[in-house]
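Enquirer: What follows is a predicted protein model with its sequence.
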Amino acid sequence: MEDNTTSEPAHASQLDHVIILLPYDNIVNPPKWVTDNFTVSPGGRHADDKTENRLILFADGTYVELIAFINDDPEKRKGHWWDKPFGIVDFALTTHTLFDYPALQKRLKASGSGVSYAEPIAGGRTMPDGQELKWKVTFPLGAERGEVPFWCHDVTPRERRVPVSKQNTEHPCGAIGMFSVVVREQRDSLKRIGSALAAITATESQATGELLGKSSEYEVGTPNRRRDDAFVELQSIEQGEKQHGLRLILRLPHDAAGSPDGISQHIGDGVVHIGFAK
């Protein structure tokens, strides 16, 4: 397994985790499309007693959170920010250093995007062994969940929430981390969401097509301070095209032989799209 760590983070913000909403029985007994590609680690039940999770941990310190409403209870779903079709529903950033909330708000106000963030609030969950994890989450305002990231900052040591080891980060698909989170938007929303993402990540977009026309990338890092960059990518979808929410591209080692097929898994009225890149 390659080790591309450095002594200092390359970016002020890092990808923390991506959330995939699944039916509850997919959490209790992960389906074949998950276990054929990933090593699944224990999670736990969240403090609000509405959701439960399991984790897919990566060597770069990021992870996928497989989450479900307990027993698929519609009352637990009602009014929840992840009351959405199954699939990739949200993603989080974090920072190594003290979270500069006022500076974030100032950048967003100057962006003219209309996006801001609520005050950080406490969150947590209990692990199967009874260990309690605590963190603070900072949720966006003025945008739908998943259009822009929320923030997650640990109160208890991060290694308790993200217990990365050699064993639990070796995956059948070969993925070692996250390459990008792809936010897909209608063309008329690109400028607003692009301005917000630039302010959130404190970067300028790197357009890979016509500026804010096809695809724009915003650099972030990963928690173990890899030299390789990660990105939040903003993509345009055509008018009338059905939007399936977020997409995830996972990183493979540079010397990997070949590349696995991407994952496109339909679940109920939603779909999970996961690609691979070196």
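Expert: Perfect, thanks for sending it. Residues are numbered from 1 along each chain as shown.
Enquirer: what about the helices in this protein?
Expert: 24-28, 32-35, 74-77, 101-111, 158-161, 190-201 (DSSP state H).
Enquirer: so where is the chain shaky, pLDDT-wise?
Expert: 1-11, 205-214, 225-228, 239-244 (pLDDT under 70).
Enquirer: Longest strand of it, counting residues only.
Expert: strand 177-186 (DSSP state E).
Enquirer: what helices or strands is that strand leaning on?
Expert: Under the contact definition 3 or more Cβ pairs under 8 Å, 6 or more residues apart in numbering; DSSP states H and E, strand 177-186 sits against strand 14-21, helix 190-201, strand 230-237, strand 247-251, strand 270-277. Every C-beta, even on glycine, is put in place using the N, C-alpha and C of the backbone.
Enquirer: repeat that for 10 Å
Expert: strand 14-21, strand 63-69, strand 87-94, helix 190-201, strand 215-220, strand 230-237, strand 247-251, strand 270-277 (3 or more Cβ pairs under 10 Å, 6 or more residues apart in numbering; DSSP states H and E).
Enquirer: centre of the chain versus the first one, how much separation?
Expert: If I follow you right, that is strand 14-21. 2 Å (Cα atoms, centre = their mean, to the nearest Å).
Enquirer: between that strand and strand 215-220, how many degrees?
Expert: 120 degrees (axes from the mean of the first three to the mean of the last three Cα atoms, to 10 degrees).
Enquirer: and what of the last one?
Expert: When the same axes, to 10 degrees is applied, the directions of strand 270-277 and strand 215-220 differ by 70 degrees.
Enquirer: So which bits of strand 270-277 are buried?
Expert: Gly270, Val271, Val272, His273, Ile274, Gly275, Phe276 (16 or more other Cβ atoms under 10 Å).
Enquirer: ok so, going back, want to throw the helices of the chain into CSV with mean neighbour count and distance to Phe150?
Expert: Formatted as CSV, the helices of the chain follow (neighbours: other Cβ atoms under 10 Å; distance: least, Cβ to Cβ, whole Å):
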stretch, mean neighbour count, distance to Phe150
helix 24-28, 16, 21
helix 32-35, 14, 24
helix 74-77, 13, 19
helix 101-111, 14, 12
helix 158-161, 16, 15
helix 190-201, 21, 10
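Enquirer: Cool, thanks, signing off.
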